[in-house]
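**Student:** the following block contains a protein sequence and its predicted model.
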Protein chains: 2
Amino acid sequence: MSALSRQAMAEHGADRFEASGTGGGEAPAVDFGPLAESLGFRLRLAQIKAFEDFFSAFAEEGLQPGSFSVLITIGENPGIRQGVLAGALMIKRSHMAKIVQGFDEAGLVERRVPQDDRRAVELTLTAAGRQRVEAVMPKFLAHEKASAAALTETERQTLLSLLHKLGGF
Amino acid sequence: MSALSRQAMAEHGADRFEASGTGGGEAPAVDFGPLAESLGFRLRLAQIKAFEDFFSAFAEEGLQPGSFSVLITIGENPGIRQGVLAGALMIKRSHMAKIVQGFDEAGLVERRVPQDDRRAVELTLTAAGRQRVEAVMPKFLAHEKASAAALTETERQTLLSLLHKLGGF
DNA sequence: TGTGGATTGTTTTTGAGTGGACAAACTCTG
DNA sequence: CAGAGTTTGTCCACTCAAAAACAATCCACA
C-alpha cells in the first residue's frame, strides 16, 4: 500500500498505522491507535529521527541542530536582536542567552548594545563565524538532500508547504 | 501567495520563506536563508508549536505529550514489552524505565514479568489507567481537531502520509 | 519630572531526556 | 554442561531546555 493511497481509506476511519521495526527483522508491530492519526505524534516521531540523523552526521563537528540554526540565522540577518532571533527560532530567551554566550566566548558572534536601547543586544557574525558557517554549509546541504531521499522533490516541497501552513506563519 | 503555489518558484531557488510574528503586530521579518528549505528545521518548528499547544491545553491535567503517548500505546497493546514500546515511540530505554516507574507508582500501569523470559517486563493498563485514558481522550481528540484547523482534511491526510513516508516506517 | 508598568536579556532552579556502566537472564556453540 | 556473547531493564551522572525570579532599561502618562 502506498503512503498516499491511504487517504481514501482513512475517510472511513478503519485503518491503523503500525510501527514495524526499521531494519532488523522480527520487530513486533505496535498499534498506535488514535495516535496514528495525530499530527503532533507523527511530528514528534519524524523530528526525533531527523535529529538523530543530524547528530550522527555532525557529531564530529560538535554541532547541534539548534545552535547551528542560530548561527545561520544571525548570518542571514546581521544585527538581529537577540529576542527577535529567539522568537523566530522558537527558542526561549533564557536558552538563547546561553547559546549566544557560548558563541561569543568561541569568538563566532559579536554582541553589540545599540545606543537607542541599552537593554537590547544586536548580533553579528565575526569573520570566524562566517568562516565556520561557510565551512559546514556544503555538508549541511548534502545532509539535507540525503535525509529527504525517501521523498520525491515534489513530495518534499509539498511537505515543506504543509508544515509551513500548519505553523500558521 | 498560497503555500502550495510556492512549489514552482522554489525550483528556481529564488524564494525565501520568512518568519513574521504570529499575532502581535510589528514583529520584524527574519530571513531563514537555506534553513527555510530544510525539512529538519521546519519539522522542529512545527513540533515545538504543536507541543506548546498541547501543553496549554493539557496543563491542568498534568499531562505531557510523551507520557500520554506511552499510556495510550500500552492501552492499545496490552502486554507489550517495555523495550518494544520504547522502540516504537522512539524513547530511550533508560527514559522509558523512569516513565513506567512513575505510572506504576501512580497505579496506572501494571508490570508483569513473564515466565518464559524473566528479564522482560510486560505492561498493561490497570483499571485506573484505562479510566484515565478514557477520561482524557475526548479532550485529546478535540485538541487534535483544533490543532489541524489550518489545514483541510485532505491536506492533513497528505501531511500524515508524507511524515510517515519520511520516517521510513 | 517621576512613577508604575512593560520590555529585554541574564541568572537560577527544576525537570526532561541521554549515555554509559551494570546485573540478571537468555542463547548459541563447542 | 560451560563459557562467551547478547538482550533486557535499571541506575547514576550528565546535558539540554524551560520556568521563574531578577536587574536594567525604556515608555506612557499624569
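**Tutor:** Yep, it's here. Numbering: from 1, shown residues only, chains lettered A, B, ... in the order given.
**Student:** three-state assignment of A:Glu61?
**Tutor:** At A:Glu61 the chain is in coil, as set by DSSP: H, G, I helix; E, B strand; the rest coil.
**Student:** spit out the contact partners of it.
**Tutor:** Applying CB atoms under 8 Å, 6 or more residues apart in numbering or on different chains to A:Glu61 gives the contacts A:Val136, A:Lys139. For every residue, glycine as well, the C-beta is placed using N, CA and C.
**Student:** 10 Å instead, please
**Tutor:** For A:Glu61, the contacting residues are A:Phe68, A:Arg132, A:Ala135, A:Val136, A:Lys139, A:Phe140, by CB atoms under 10 Å, 6 or more residues apart in numbering or on different chains.
**Student:** kindly report the same for A:Arg112.
**Tutor:** Residues in contact with A:Arg112, defined by CB under 10 Å, 6+ apart, are A:Gly79, A:Ala120, A:Val121, A:Glu122, A:Leu123, A:Thr124.
**Student:** now render these as a markdown table, adding pLDDT, secondary structure and neighbour count.
**Tutor:** Output for the contacts of A:Arg112, formatted as a markdown table (pLDDT from 0 to 100; DSSP: H, G, I helix; E, B strand; the rest coil; neighbours: other CB atoms under 10 Å in any protein chain shown):
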| residue | pLDDT | secondary structure | neighbour count |
| --- | --- | --- | --- |
| A:Gly79 | 97 | coil | 11 |
| A:Ala120 | 96 | coil | 13 |
| A:Val121 | 97 | coil | 20 |
| A:Glu122 | 98 | strand | 17 |
| A:Leu123 | 98 | strand | 26 |
| A:Thr124 | 98 | strand | 16 |
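**Student:** phi, psi for the closest residue to A:Val113 other than its chain neighbours please.
**Tutor:** The shortest distance from A:Val113 to any non-neighbouring residue, by CB to CB, 6 or more residues apart in numbering or on different chains, is to A:Val121 (6.1 Å). In terms of degrees, to the nearest 10, the main-chain angles of A:Val121 are phi -130, psi 130.
**Student:** from memory A:Val121 sits against A:Val100, does it?
**Tutor:** Yes - the criterion here is CB atoms under 10 Å, and A:Val121 meets it with A:Val100 at 7.5 Å.
**Student:** show me whatever sits in contact with both of the two.
**Tutor:** Common neighbours of A:Val121 and A:Val100, using CB under 10 Å, 6+ apart, are A:Gln82, A:Leu85, A:Arg111.
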